[in-house]
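In: what's the 3D shape of this:
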Amino acid sequence: MEQWIHTVNNQCFKALCCKGPPPPRPEYDLVCIGLTGSGKTSLLSQLCSENPENIVSTTGFSIKAVPFQNAVLNVKELGGADTIRKYWSRYYQGSQGVIFVLDSASSEDDLETARNELHSALQHPQLCTLPFLILANHQDKPAARSVQEIKKYFELEPLARGKRWILKPCSLDDMEAVKDSFTLLINLLEERELEPSRM
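Out: Down below sits the predicted model:
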C-alpha cells in the first residue's frame, strides 16, 4: 500500500513539477509604416506597456519587441515624414508581415498620401506576398471615417484581392480591440509559416 502511494505521489510530482520550461514563443519580424501623426508609436508603446508620457514621434526608425501570449513580434517602426518615406523600402528586407497605420480623421490630402503609400507597399516585391494589418486609427475623433469608408476610398477590395490583409478600426481608448487585431495578424503569420510543409 505504501509502495503504491509512493508511486502515485511520484507521478503527481512529475506531472506538476517536471514538465520543464514552456516552449519558446515564435518570433516574427514585422515592419510598421504610416504617415507622421497616424499614431504608430503610441499604439506600439501602449502594447509594450510603456509610459505614455515618454512617447516621442519616430524620426528615423525604432525596433520594439511586442509580446503576446502566443508570439513575440519584433516590430521595426519607420518614421512617416516626407523625407523618410522615400527610404522605407530599404528596411523591408527580412519582413514577415506589415502593419500599416493610418489616421482615419486626417485631411483629404493626407488620406490621399496614405492611400498612395499603402498601394505602393501592397505592390512592393518584398511585401506583396506578406500578411498586412491595416489599422484605421483615431476612431475616437469626431472626424474619423468608418472602416467601410476607408475600404472604399483605399480601393482595398480590388487592389488586395488574393492577398492576406486585415482592416480594423482602432484607437488608444480601446487597446483590447487593438490586441485582438494583432492576434488576427499572428494567425495569418502562423498560417503562412505552415504553408511550405503542405506542399
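
In: and the helices in this protein?
Out: Using DSSP state H, the helices of the chain run over residues 2-17, 40-47, 82-85, 108-123, 147-153, 156-159, 175-198.

In: among those helices, which is the most enclosed?
Out: helix 40-47 (a mean of 21; mean count of other C-beta atoms under 10 Å). Backbone N, C-alpha and C define where each C-beta goes, glycine included.

In: low-confidence stretches in this structure?
Out: 1-22, 54-55, 58, 196-199 (pLDDT under 70).

In: tell me the contacts of the nearest residue to residue 181 once chain neighbours are set aside?
Out: Counting by C-beta to C-beta, 6 or more residues apart in numbering, residue 181 lies nearest to residue 168, which is 4.2 Å off, once chain neighbours are set aside. Neighbouring residues of residue 168 by C-beta atoms under 8 Å, 6 or more residues apart in numbering: 133, 134, 135, 136, 147, 177, 181, 184.

In: same deal with residue 43?
Out: 101, 135, 137, 170, 172, 178.

In: that one and residue 124, how far apart?
Out: 22 Å (C-beta to C-beta, to the nearest Å).

In: same question, residue 108
Out: Distance, residue 108 to residue 124, by C-beta to C-beta: 25 Å.

In: any chance of the contacts of residue 43 in JSON lines with distance to residue 116 as columns?
Out: Listed next are the contacts of residue 43 as JSON lines, based on distance: C-beta to C-beta, whole Å:
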{"residue": "101", "distance to residue 116": "15"}
{"residue": "135", "distance to residue 116": "18"}
{"residue": "137", "distance to residue 116": "18"}
{"residue": "170", "distance to residue 116": "21"}
{"residue": "172", "distance to residue 116": "26"}
{"residue": "178", "distance to residue 116": "25"}
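
In: list buried residues within those.
Out: 101, 135, 137, 170, 172, 178 (16 or more other C-beta atoms under 10 Å).

In: so the fourth one is in contact with residue 133, correct?
Out: No: with the criterion set as C-beta atoms under 8 Å, residue 170 and residue 133 do not qualify as a contacting pair; they are 9.9 Å apart.
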